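J.: Could you work out the structure for the sequence below:
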Amino acid sequence: MAASGRILVYLKRKGHDKTPTIAKFTQSVLDYLVEDKSINQSEVYAELIDNHLVVTDDESESKHNSIKLRRPHFCPIHNLQKSHLEAIPEDILNRGIDVGAGVILESADNKILLTRRSKRLRTFPGIWVPPGGHLEKDETLIEAGLRELHEETGLKILPDQCVGGNVQMLTLWESVFPPKLTLGLPKRHHVVVYLYGKLNSDLTSDVLSERIRLQPEEAEACVWLDRKIIQGIVACKEEEKSQLHFKDLNLPEVVKGITIRDEDKKQLISDIPLQPLFNTSSDTTDGERVSTGTKFALGEWLIKTS
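T.: Coordinates of the predicted model:
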């Protein structure tokens, strides 16, 4: 772990490494663990050990079952050329790969909570994601995810409020900001651990909405989305250059959500336009949309709960 207290990724490749070693900022996690560099997804094992996340293809290194790790084909780290490496500042090159946790929270009435990141944030401003953030020293992944959920939305959820009494790992995503090299050189590199919890019968989206208190510096809007809307969002994939358009999906133009008013930071019940959530990333600009990693995690949720 770095002196700053950041929780970083360590890698161990079976038959290659005797012990896990800290991952370099410019090192693609997936490329390191699989021989075929054209593959964008693989089953791996992930374990939080001594304040770092060990990601490995070695089953003996983890107490958990295997989990999917994915990156987009346009991942900047995967596509780095020598000229890019030479242009990345030294302080960025020495950062390592950070660990984040995001919570796919399903209400008792089968809706998923997404938040829109503040436009003032340095990374992914204005992008729709589940609540989440960085780990702190000595936290578990679940503790970090639920803490971030509470800090960003005011919702204090305990594992025993979920079906089965637990929150579980859903999938891993290799995230880079900016998300494409055409938008600039990499500044941040994360492995995001998406967690999943289904809430017990009394915790419906209406009940929880009454308890939400958004933190304006982190989240400027939130909304509960049903399965049909989630299916449409997942179907609009940047990676496959989907030709699917929002107008073809027979969905409402707006859904009720919560926003923060710019002028006084007051929290309001508002109509949230759905169209922006179906946008895909561009090679030249990156406006309001659901993040690519979030779409992958939501797709895994659809599979898990089908």
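
J.: distance between the ends of stretch 86-96?
T.: Stretch 86-96 has an end-to-end distance of 17 Å (criterion: CA to CA, to the nearest Å).

J.: How about stretch 45-58?
T.: 7 Å.

J.: So what's the gap between that stretch and the chain middle?
T.: Centroid separation for stretch 45-58 versus its chain: 18 Å, with CA atoms, centre = their mean, to the nearest Å.

J.: what do you get for stretch 202-212?
T.: Remark: stretch 202-212 is offset 23 Å from the chain centroid, using CA atoms, centre = their mean.

J.: before we move on, what about stretch 91-109?
T.: Put simply, stretch 91-109 sits 5 Å off its chain's centre (CA atoms, centre = their mean).

J.: next one: stretch 96-115
T.: In terms of CA atoms, centre = their mean, the gap separating the centre of stretch 96-115 from the centre of its chain is 7 Å.

J.: cool, stretch 238-255 as well?
T.: 21 Å.

J.: For that stretch, buried residues please.
T.: If you call a residue buried by 16 or more other CB atoms under 10 Å, then stretch 238-255 has these buried ones: 238-239, 246, 249, 251, 255. Quick note: C-beta positions are derived from backbone N, CA and C, even for glycine.

J.: what pairs with the closest residue to Ile97 other than its chain neighbours across the strands?
T.: Nearest residue to Ile97 in three dimensions, chain neighbours excluded: Val9, at 4.0 Å (CB to CB, 6 or more residues apart in numbering). Legend: beta-bridge partners of Val9 under DSSP bridges are Leu53.

J.: before we move on, the earlier item: from the buried residues of stretch 238-255, which two are the most distant?
T.: Within these, Glu239 and Val255 form the most distant pair, 25.7 Å apart (CB to CB).

J.: okay but Pro72 is in contact with Ser175, surely?
T.: No - taking contacts as CB atoms under 8 Å, Pro72 lies outside contact range of Ser175: 9.3 Å.

J.: Which one's more surrounded, these two?
T.: In this comparison of Pro72 against Ser175, neighbours counted by other CB atoms under 10 Å, the higher total goes to Ser175 at 25 against 22.

J.: quick one: contacts for that one?
T.: If a contact means CB atoms under 8 Å, 6 or more residues apart in numbering, then Ser175 has 100, 188-192, 291, 293 as its contacts.

J.: Secondary structure class of it, three-state.
T.: When the structure is reduced to helix, strand and coil (DSSP: H, G, I helix; E, B strand; the rest coil), Ser175 reads as strand.

J.: now it: how far from Val223?
T.: From Ser175 across to Val223, the span is 22 Å (CB to CB, to the nearest Å).

J.: go on, Gly132?
T.: Relative to Val223, and taking CB to CB, Gly132 is found at 16 Å.

J.: which residues in this protein form helices?
T.: Assigned by DSSP state H, the helices in the chain fall at 29-33, 82-87, 90-93, 141-153, 205-209, 227-235, 292-304.
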